[in-house]
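**Q** okay, sequence plus prediction incoming.
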Amino acid sequence: MIRPRTPPGVMELLPREQIAFQRMLDVIRRNYERFGFLPVETPVFELSDVLLTKSGGETERQVYFVQSTGALANAAADAEAGKGEGGLPELALRFDLTVPLARYVAEHEHELSFPFRRYQMQRVYRGERAQRGRFREFYQCDIDVIGKDALSIRYDAEVLAVIHAVFSELGIGAFRVQLNNRKLMRGFFEAQGVADPQRQALVLREVDKLDKRGADYVRETLTGPDFGLPAEAVARILAFVEVRSESHDDALAKIDAVLAEAGDAAGEVLRAGAAELREVLQLVKALGVPEAAYCLNFSIARGLDYYTGTVYETQLVDHPGIGSICSGGRYEDLASHYTKSKLPGVGISIGLSRLFWQLREAGLIEGAAESSVQAMVALMDESQLPQALDIARHLRAGGINTEVQMEPRKVGKQFQYASRAGIRFVVLAGEDELARGVVAVKDLVREQQFDVPREELAGTLRVELEQARALAGR
């Protein structure tokens, strides 16, 4: 007998946790649609040469290739006959949703309206080393706005408003969207004499070690023989990446301070980045996002070779150890490998599987004790089955998700079953209740039982459920 087990690196949930996960998906989808984003799904596998066009190195080592048993047999036969051509399998599983989006937009470019506003919520696959909280199969929930030739900076602000709407409704605690601008960062480094993009990336890699190795280590490395930066420039870089804003006005003041410090060394790139960041901040305020929900963080670099303007990282205020729960930014050209058209865009991604796992580990998942089944009609006698089925039919017609016990059992056993399944209401209709034209309702949350006229049952339960949602803030 084969021992049942899941492969490492996957998250498989029991039903009530799956319901909580599904509710998070529903909240994200609902808010994406509220902002006018359109759904897109792409195949779980793509042609290998298309998927891996812009990858290589670490990415290619994490890709899962797909090959049917028929294709393997044909390849073996060809090899035996000396006809084998070698190379990668024809198909590969997607490792993110960005590369499939680039292919999708390039392929359907003449059928889409621009700016193209898309959301996509699907699983992706990476052959990462299995470890706690890192998955080989996981959900990503992305939005992107893609322009043709150009895209207004105003969309960068709108994306932040979407982030705020999503996490406000998810109700997982106070959060803050941290902002930076790659042009501002590049321009600042240029003003310190670090103009080459590859050298900037190396400096930032060292700066990223601040939390683990400390400021003294980073300072010595950057002034040492490998980098040879002047001590004054290193001091300014370390001060720059420590910048955080405390309010909207403080954020604007911090941008002005960067320009003032650069003085005559402030080049075109630095000034462009400052102007973009200032405009995004002003529009975010106009969109009604509270000041406490966003701030500047000049240490955020994100995708040095990919992002070109605004970058975002979102963190839970009370649980910074969880890390970024939503990230993304502005890029210059989405699909340059697939089309000659210039397609700039801005987008964000929520890695929901990892986020759910972290929230569950931190005890922050609400509603995991609830079932999607709201009521159960008990059955105490075989002869009452038609009545039980009729009650359930009316409950469902009234918008109540309802299960029926199909076989009579002791009432205590039925209550026990409903409690373990997370069902709140048990409806009982014995001979006495049927004679009086009522049903008895056992509320397993309040531990109360009450009678309701049969025709008022669905409406009564709807009111009870609405009150519970209101009290829970959902």
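**A** Great, that's in hand.
**Q** what number of residues are in the vicinity of Met24?
**A** If you count neighbours by other C-beta atoms under 10 Å, Met24 ends up with 22. For glycine as for every other residue, the C-beta is placed from the backbone atoms N, C-alpha and C.
**Q** residue contacts, it?
**A** By C-beta atoms under 8 Å, 6 or more residues apart in numbering, Met24 lies in contact with Leu170, Leu352, Phe356.
**Q** and the residue most central in space within the chain, how far is that from Asp318?
**A** Nearest residue to the geometric centre of the chain (C-alpha atoms, centre = their mean): Ile350, 1.6 Å. Distance, Ile350 to Asp318, by C-beta to C-beta, to the nearest Å: 19 Å.
**Q** per-domain residue ranges of this structure.
**A** The record assigns the chain these domain ranges, following automatic domain parsing: 15-42+95-361, 45-93, 375-472.
**Q** who touches Val145 in this structure?
**A** Contacts for Val145 (C-beta under 8 Å, 6+ apart) come out as Pro115, Phe116, Arg117, Leu151, Tyr155, Glu158, Val159, Gly345, Val346, Gly347.
**Q** for it, give the beta-bridge partners.
**A** Val145 has these beta-bridge partners by DSSP bridges: Arg117, Val346.
**Q** give me the pLDDT for it.
**A** For Val145, the pLDDT comes out at 98.
**Q** please report how far it lies from Val124.
**A** Applying C-beta to C-beta, the value for Val145 to Val124 is 21 Å.
**Q** and if you look at Ala201?
**A** Distance from Ala201 to Val124, by C-beta to C-beta: 25 Å.
**Q** toward the C-terminus, what is the element adjacent to the lowest-mean-pLDDT helix or strand in the chain?
**A** None of the helices or strands of the chain scores lower by mean pLDDT, DSSP states H and E than helix 58-61, at a mean of 67. With elements assigned by DSSP states H and E, the helix or strand that comes after helix 58-61 is strand 65-66.
**Q** remind me what that following strand packs against, helices and strands.
**A** Counting contacts by 3 or more C-beta pairs under 8 Å, 6 or more residues apart in numbering; DSSP states H and E, strand 65-66 is packed against strand 91-93.
**Q** 10 Å instead?
**A** Contacts defined by 3 or more C-beta pairs under 10 Å, 6 or more residues apart in numbering; DSSP states H and E place strand 65-66 against strand 45-47, helix 48-51, strand 91-93.
**Q** report the distance from that strand to the chain centre.
**A** In terms of C-alpha atoms, centre = their mean, to the nearest Å, the centre of strand 65-66 is found 25 Å from the chain centre.
**Q** so what touches that strand?
**A** By C-beta atoms under 10 Å, 6 or more residues apart in numbering, the surrounding residues in contact with strand 65-66 are 44-46, 48, 51-52, 88-93, 125, 127.
**Q** avg pLDDT for it?
**A** 91.
**Q** same question for stretch 19-37.
**A** Stretch 19-37 comes out with an average pLDDT of 97.
**Q** buried stuff in it?
**A** Neighbour counts over stretch 19-37 (16 or more other C-beta atoms under 10 Å) mark Ile19, Ala20, Phe21, Arg23, Met24, Val27, Ile28, Arg29, Asn31, Tyr32, Phe35, Phe37 as buried.
**Q** JSON lines for those, including distance to Thr98 and secondary structure?
**A** Formatted as JSON lines, the buried residues of stretch 19-37 follow (distance: C-beta to C-beta, whole Å; DSSP: H, G, I helix; E, B strand; the rest coil):
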{"residue": "Ile19", "distance to Thr98": "29", "secondary structure": "helix"}
{"residue": "Ala20", "distance to Thr98": "27", "secondary structure": "helix"}
{"residue": "Phe21", "distance to Thr98": "23", "secondary structure": "helix"}
{"residue": "Arg23", "distance to Thr98": "26", "secondary structure": "helix"}
{"residue": "Met24", "distance to Thr98": "22", "secondary structure": "helix"}
{"residue": "Val27", "distance to Thr98": "23", "secondary structure": "helix"}
{"residue": "Ile28", "distance to Thr98": "17", "secondary structure": "helix"}
{"residue": "Arg29", "distance to Thr98": "19", "secondary structure": "helix"}
{"residue": "Asn31", "distance to Thr98": "20", "secondary structure": "helix"}
{"residue": "Tyr32", "distance to Thr98": "16", "secondary structure": "helix"}
{"residue": "Phe35", "distance to Thr98": "19", "secondary structure": "coil"}
{"residue": "Phe37", "distance to Thr98": "15", "secondary structure": "coil"}
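**Q** Gly363: which of the residues you listed is nearest?
**A** Checking those against Gly363 with C-beta to C-beta, the nearest one is Ala20 at 12.7 Å.
**Q** CSV for the helices and strands packed on strand 65-66, including distance to Lys209?
**A** Supplementary listing: the helices and strands packed on strand 65-66 in CSV, determined by distance: least, C-beta to C-beta, whole Å:
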stretch, distance to Lys209
strand 45-47, 36
helix 48-51, 33
strand 91-93, 33
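**Q** on that earlier part again, which element is the nearest residue to the residue nearest to the centre of the chain once chain neighbours are set aside on?
**A** Nearest in space to Ile350, with sequence neighbours left out and distances taken as C-beta to C-beta, 6 or more residues apart in numbering, is Cys141 at 4.3 Å. Taking DSSP H and E as the criterion, Cys141 maps to strand 137-146.
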